[in-house]
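**Student:** Could you look at this predicted model? Sequence included:
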Amino acid sequence: MNHTLPAKPLWHKIRPYCWVLFLVVVYVWAFNGLQFEGIQSTAKSVSLSILDGFLHSDWSFVYDPAGEDLLSGLLDTLIISILGTFISAFLCIPFAFWAASNMSRRRPVSGTGKFSLSVIRVFPEMIVAILFIKAVGPGSFAGVLALGIHSIGMLAKLFSETIESIDTGPSEALTAAGASRLQILWFAVLPQVIPQFLSYSLYRFEINIRSATTLGLVGAGGIGTPLIFALNMRNWNRVGVILLGIIILVILTDLISGWIRKRIV
Amino acid sequence: MTIEAPTAPKKYKKILTWLFFVVVLVLCSIQTEVTPYQLIRGLPQMGILLGEMFPPDWSYLPTIWKPMVETVQIALVGTMLGGLLAIPVSLLCAYNIVQSRLVSLPVRLILNLVRTIPDLLFAAIFVAIFGIGPFAGMLAILFFSFGLIAKLTFEAIEAIDPGPMEAMTAVGANKIQLIVFGVIPQALPYYMSYLLYAFEINVRAASVLGLVGAGGIGLLLDRSLGLFRYDRAAMIILLTLVIVLVIDYGSNVLRRKLL
């Protein structure tokens, strides 16, 4: 038995080294490009005052009958994400059916649907928010529209995957019994996909809460607006209390929607 | 006939749920004064805006190339440093590595806190501390991807096959050997795939960091929108789109090879 293993091609031997070399080059390039100018001399004192701000938060900001307070900002943020999620949950349904490959007979139909969804997904929501601010003016409305339009990209993709994975039995049975397309959709497809739809919408709601807290940084309403003012004025006590409020809001909504999600599916 | 009886409460519950949804919606739109009427009024403005964006200002391309490259560099460095930081933390979090809850629970708590803060918020805070520039943006990306990668990785570590680790414990391996030879070979492909996934997200995030002054292409976007140069803004958005699509495609190909 004189079998010798075929010699590994040279490429296979040097491939790991090539990868390492490539990564090193990329990172040297990236680090060079950033040109760290070092930490500013004020960084230490500012960090300490932020810490101080956390410890001695501006509690008077939590509730103010005049309106411009933490609670109303958080409520605004919550409402922006609720409305944004609602809008996208409704708008994405036609997109989802468009992109689902088992809902249309011709391939290009679902292909173009999938492509347009990935184009929507690529735009960061801040850019969408800025465009809407230019269109409808700064405020919550621009935030709602930005979240609503941006979320379509992800939600419709997940929805269409749900539609693609449904059991074909019920719709075949309905076809055999002579149901129309609309009846099949209503009685065979929708009952199967609705629990997943709701679960994904809740998941998106959790993401939207996080985004909604930052929408105000560019002027689209919510808690971000007072936060960016406080940051610009170096009012660290207020920054501290706003950050605490955001953290509590995010954790609470995560817990609640997680609990609902577990009950739905 | 008792067949119809169970359907009645179900229907009642369904109607109540929908009613609840509608009430929430109406209350929300009253609170924020968001109405369909406003949208219809805003739509023509949106059309004018989009009209001004075309055609994009192609001569602006050389100017925005450097900030775009900076955006990618911010994402690269931030993702790598955040990913490195995530390795020890995710090992500390995994219940099958560190048995003591006294260690893993506080670390998990900190990790959860880090993950509640959105990247743009990190950027705004770091700009306040370290001044305007890409360093603040890099730090924001670092923290954001640290939270994301550490969480995904410790879940992957907890899901690994305990067999090799048990075998090593049986022959008397210490904790370091256990991690290096038992855990890392199994968790590495997942870790690399999460790193790539975080990088994809971070390129997108880095492209807007400039809005709060943290370097990258966002700064120019903010400036051109402020000057009402929508044709330039369109060029920036177009270039961002192309870069993000290319990076998404590349990392998808790599990820498929890894897993």
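**Tutor:** Received, thanks. Numbers count the residues shown, from 1 in each chain, chains lettered A, B, ... in the order given.
**Student:** Could you export stretch B:102-116 as CSV, CA atoms only?
**Tutor:** What follows is stretch B:102-116, C-alpha atoms only, in CSV (Å, rounded to 0.1, in the frame of the first residue of the first chain):
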residue,chain,number,x,y,z
LEU,B,102,-21.9,36.0,42.8
VAL,B,103,-19.6,36.8,39.9
SER,B,104,-21.9,36.2,36.9
LEU,B,105,-25.0,38.0,38.1
PRO,B,106,-23.4,41.4,38.7
VAL,B,107,-21.5,41.1,35.4
ARG,B,108,-24.7,40.3,33.6
LEU,B,109,-26.4,43.2,35.3
ILE,B,110,-23.7,45.6,34.0
LEU,B,111,-24.0,44.1,30.6
ASN,B,112,-27.7,44.6,30.5
LEU,B,113,-27.3,48.3,31.6
VAL,B,114,-24.8,48.8,28.8
ARG,B,115,-27.2,47.4,26.3
THR,B,116,-30.1,49.6,27.3
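**Student:** Would you mind checking the average pLDDT for it?
**Tutor:** For stretch B:102-116, mean pLDDT rounds to 89.
**Student:** Now do the buried residues in that stretch.
**Tutor:** Residues of stretch B:102-116 classed as buried: B:104, B:107, B:108, B:111, B:114, B:115, B:116 (neighbour count, 16 or more other CB atoms under 10 Å in any protein chain shown). C-betas here are computed from N, CA, C, even on glycine.
**Student:** Now for the residue nearest in space to the middle of chain B: which residues touch it?
**Tutor:** Centroid-nearest residue in chain B: residue B:201, 5.0 Å away (criterion: CA atoms, centre = their mean). Contact analysis of residue B:201 by CB atoms under 8 Å, 6 or more residues apart in numbering or on different chains lists B:145, B:148.
**Student:** do that again at 10 Å, thanks
**Tutor:** Residues near residue B:201 by CB atoms under 10 Å, 6 or more residues apart in numbering or on different chains: A:124, B:75, B:79, B:119, B:141, B:144, B:145, B:148, B:248.
**Student:** Equivalent analysis for residue B:149, please.
**Tutor:** B:79, B:82-87, B:89-90, B:191, B:194-195, B:197-199.
**Student:** From those residues, list just the buried residues.
**Tutor:** B:79, B:82-83, B:85-87, B:89-90, B:191, B:194-195, B:197-199.
**Student:** in the stretch 51-200 of chain B, which spans are helices?
**Tutor:** B:61-93, B:101-116, B:119-130, B:134-158, B:163-170, B:175-177, B:184-209 (DSSP state H, counting those that start in this stretch).
**Student:** Which among those is found nearest to residue A:18?
**Tutor:** Nearest to residue A:18, of all these, is helix B:184-209, at 16.5 Å by CB to CB.
**Student:** angle of the closest one against helix B:163-170?
**Tutor:** 120 degrees (axes from the mean of the first three to the mean of the last three CA atoms, to 10 degrees).
**Student:** Name the residues of helix B:184-209 that come out as buried.
**Tutor:** Under the neighbour-count criterion of 16+ other CB under 10 Å, helix B:184-209 has B:186-187, B:190-209 buried.
**Student:** and what of stretch A:95-115?
**Tutor:** A:95, A:96, A:97, A:98, A:99, A:100, A:101, A:103, A:110, A:113, A:114.
**Student:** Tell me which two in those are the farthest apart.
**Tutor:** Greatest spatial distance among the buried residues of stretch A:95-115 (CB to CB): A:95 and A:101, at 13.7 Å.
**Student:** Give me the common contacts of those two.
**Tutor:** Counting by CB under 10 Å, 6+ apart, the residues touching both residue A:95 and residue A:101 are A:113, A:114, A:160.
**Student:** Just name the closest of the buried residues of stretch B:102-116 to chain A, please.
**Tutor:** Minimum distance to chain A across the buried residues of stretch B:102-116 is 4.2 Å, recorded for residue B:116 (CB to the nearest CB).
**Student:** how much space between the closest one and residue A:254?
**Tutor:** Using CB to CB, to the nearest Å, one gets 8 Å for the distance from residue B:116 to residue A:254.
**Student:** Show me where the stretch 1-150 of chain A dips below the pLDDT cut-off.
**Tutor:** A:1-8, A:35-41, A:65-67 (pLDDT under 70).
**Student:** Not including adjacent chain positions, what is the nearest residue to residue A:216?
**Tutor:** residue A:224 (2.4 Å; CB to CB, 6 or more residues apart in numbering or on different chains).
**Student:** what's the neighbour count on residue 218?
**Tutor:** All of this is about chain A. Residue A:218 is flanked by 25 other residues according to other CB atoms under 10 Å in any protein chain shown.
**Student:** nope, chain B please
**Tutor:** Per other CB under 10 Å, the neighbour tally for residue B:218 reads 30.
**Student:** Tell me how many other residues crowd the nearest residue to it once chain neighbours are set aside.
**Tutor:** Nearest non-adjacent residue to residue B:218, counting by CB to CB, 6+ apart: residue B:210, 2.6 Å away. Neighbour count of residue B:210, defined by other CB under 10 Å: 25.
**Student:** show me what contacts residue B:210?
**Tutor:** Applying CB under 10 Å, 6+ apart, the residues near residue B:210 are B:67, B:70-71, B:74, B:123, B:132, B:134, B:137, B:216-223.
**Student:** Check residue B:58 too.
**Tutor:** B:231, B:235, B:238 are the contacts of residue B:58 under CB under 10 Å, 6+ apart.
**Student:** what's the answer for residue A:185, then?
**Tutor:** A:97, A:103, A:171, A:174, A:179.
**Student:** Please identify the helix or strand for the first one.
**Tutor:** This means residue A:97. Per DSSP states H and E: residue A:97 is located in helix A:70-99.
**Student:** Compare the helices of the stretch 51-200 of chain B and give me the one nearest residue A:136.
**Tutor:** Evaluated over the helices of the stretch 51-200 of chain B, closeness to residue A:136 peaks at helix B:184-209, with 19.7 Å, by CB to CB.
**Student:** That closest one versus helix B:134-158: what angle between them?
**Tutor:** Helix B:184-209 and helix B:134-158 are oriented at 150 degrees to each other (the same axes, to 10 degrees).
**Student:** Report the mean per-residue pLDDT for the helix or strand following helix B:184-209.
**Tutor:** Heading C-terminal from helix B:184-209, the first helix or strand you meet, by DSSP H and E, is helix B:218-226. Averaging the model's pLDDT scores along helix B:218-226 yields 85.
**Student:** Would you mind listing the buried residues in helix B:218-226?
**Tutor:** Going by neighbour count (16+ other CB under 10 Å), the buried part of helix B:218-226 is B:218, B:219, B:220, B:221, B:222, B:224, B:225.
**Student:** What of stretch A:51-66?
**Tutor:** Applying 16+ other CB under 10 Å to stretch A:51-66 flags A:53, A:57, A:58, A:61 as buried.
**Student:** Check whether it comes near chain B.
**Tutor:** No. Using CB under 10 Å from any CB of the partner chain, stretch A:51-66 never reaches chain B; the gap is at least 10.8 Å.
**Student:** contacts for that stretch?
**Tutor:** Residues contacting stretch A:51-66 (CB under 10 Å, 6+ apart): A:68-74, A:226, A:230, A:234-245.
**Student:** buried sites along stretch A:181-188?
**Tutor:** Neighbour counts using 16+ other CB under 10 Å place A:184, A:188 of stretch A:181-188 among the buried residues.
**Student:** how far away is the most centrally placed residue in chain A from chain B?
**Tutor:** Centroid check for chain A by CA atoms, centre = their mean gives residue A:207 as the closest residue, at 4.6 Å. According to CB to the nearest CB, to the nearest Å, residue A:207 and chain B sit 10 Å apart.
**Student:** Residue A:147 is in contact with that residue, correct?
**Tutor:** Yes. Contact criterion CB atoms under 10 Å: residue A:207 and residue A:147 qualify, at 9.3 Å.
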